[in-house]
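A.B. asks: Whatever this is, show me its structure:
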Amino acid sequence: MNATHRNPQDTRLLDALRAGNSSTRLQAALAAGTCPDPGFAEVLVARCAVEPDFFVRDMLTWALTRLPPEVTVPRLRAQLRSATAQARSQALHTLSKIGDRSVWPAITRSLLHDADDEVARSAWRAAVVLVPAGQRDGLAADLAAQLGRGDRDVQLSLSRALVALGDVIEPAVRSGGASADPAVRVHARATQRLLHDPEAGFDAAVEEAKRIAALGPERVGGAAC
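C.D. replies: Below you'll find the model as predicted:
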């Protein structure tokens, strides 16, 4: 947006997006989405990269989805190369909400394996939304290579992403279940349980996988009820 052509209302909105009070920023993001103006796209994308409040970030994403994709998508794709982790993460999150499949080539292996857990989790979620049908097997293998990564929340995100791909994950998850790493084996078996029983909770699936790992599938299968 050209600063020399801002009207007073635009200036107030821009100032509100930078206000110290999160409620003020939330209302500004809501206003930007309620009356979408492509001229605000750059400002909204830039704010996503630095906004500390989760709810404000979510409203910024909503505001961006209200703008034409031809305006927002190129700016968001550029953020995927940012040195700032939040910029990458929020851009991925917003792109997944927009759902423009032309973005798929920008979801690189480096993003899927990003050292920052929040970036990687956002990349996993975006990838399962945007992946072409013919590349689901490759994505499943790429995701399954990270089984055992991180804490409970990271592992839950990875399992959900894998399960969202459907039966194509079976070979990769079976391979993980035979890993020499016990954390990988447990995570793989819990993910397989969720694939076949979506109603099973993740924590319950993990506990069952740990029990199988400790007792062996033969003993578990033969145990009395």
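
A.B. asks: Every contact and neighbour count from this point should use C-alpha atoms.
C.D. replies: OK.

A.B. asks: How is this structure divided into domains?
C.D. replies: Domain assignment for the chain by automatic domain parsing gives 1-130, 135-215.

A.B. asks: how far out from the middle of the chain is the last one?
C.D. replies: This points to domain 135-215. 17 Å (CA atoms, centre = their mean, to the nearest Å).

A.B. asks: How about the first one?
C.D. replies: Using CA atoms, centre = their mean, we find the averaged C-alpha position of domain 1-130 to lie 14 Å away from the chain's own average C-alpha position.

A.B. asks: so where's this protein uncertain?
C.D. replies: For the chain, the stretches flagged by pLDDT under 70 are 1-9, 213-225.

A.B. asks: Tell me the buried residues in stretch 178-194?
C.D. replies: Within stretch 178-194, the residues scored as buried using 16 or more other CA atoms under 10 Å are Ala183, Val184, Arg185, Val186, His187, Ala188, Arg189, Ala190, Thr191, Gln192, Arg193, Leu194.

A.B. asks: now swap in stretch 65-79 and tell me
C.D. replies: Counting neighbours by 16+ other CA under 10 Å, one finds that the buried residues in stretch 65-79 are Thr65, Arg66, Leu67, Pro69, Thr72, Val73, Arg75, Leu76, Arg77, Gln79.

A.B. asks: Which residues outside that stretch are in contact with it?
C.D. replies: Residues from elsewhere that reach stretch 65-79, judged by CA atoms under 8 Å, 6 or more residues apart in numbering: 33, 36-38, 41-42, 45, 64, 87-88, 91-92, 94-95, 97-98, 100, 103, 106.

A.B. asks: Restricted to helices, list those residues.
C.D. replies: 33, 41-42, 45, 64, 87-88, 91-92, 94-95, 97-98 (DSSP state H).

A.B. asks: So which of the buried residues of stretch 65-79 belong to strands?
C.D. replies: Cross-referencing the buried residues of stretch 65-79 against strands under DSSP state E gives no overlap.

A.B. asks: Just the buried ones among the contacts of stretch 65-79, please.
C.D. replies: Neighbour-count burial (16+ other CA under 10 Å) applied to those gives 33, 36, 38, 41, 45, 64, 87-88, 91-92, 94-95, 97-98, 103.

A.B. asks: Contact partners for the spatially most central residue of the chain?
C.D. replies: Against the mean C-alpha coordinate of the chain, by CA atoms, centre = their mean, the closest residue is Ser122 at 2.1 Å. Counting by CA under 8 Å, 6+ apart, Ser122 touches Ser89, Gln90, Leu92, His93.

A.B. asks: To what extent is the second one buried, counted in neighbours?
C.D. replies: What that stands for is Gln90. Neighbourhood size, Gln90 [other CA atoms under 10 Å]: 27.

A.B. asks: My guess is it contacts Ala46. True?
C.D. replies: No: the criterion here is CA atoms under 8 Å, and Gln90 misses it with Ala46 at 10.2 Å.

A.B. asks: Over to the closest residue to Gln86 other than its chain neighbours: give its phi and psi.
C.D. replies: Excluding its sequence neighbours, the residue lying closest to Gln86 (CA to CA, 6 or more residues apart in numbering) is Ala49, at 5.3 Å. Main-chain torsions, Ala49, degrees, to the nearest 10: phi -70, psi -20.

A.B. asks: What segments of this structure are helices?
C.D. replies: Going by DSSP H, the chain shows helices at 8-17, 22-34, 41-48, 54-65, 69-79, 85-98, 109-112, 117-130, 136-144, 152-165, 170-177, 182-196, 202-215, 217-221.
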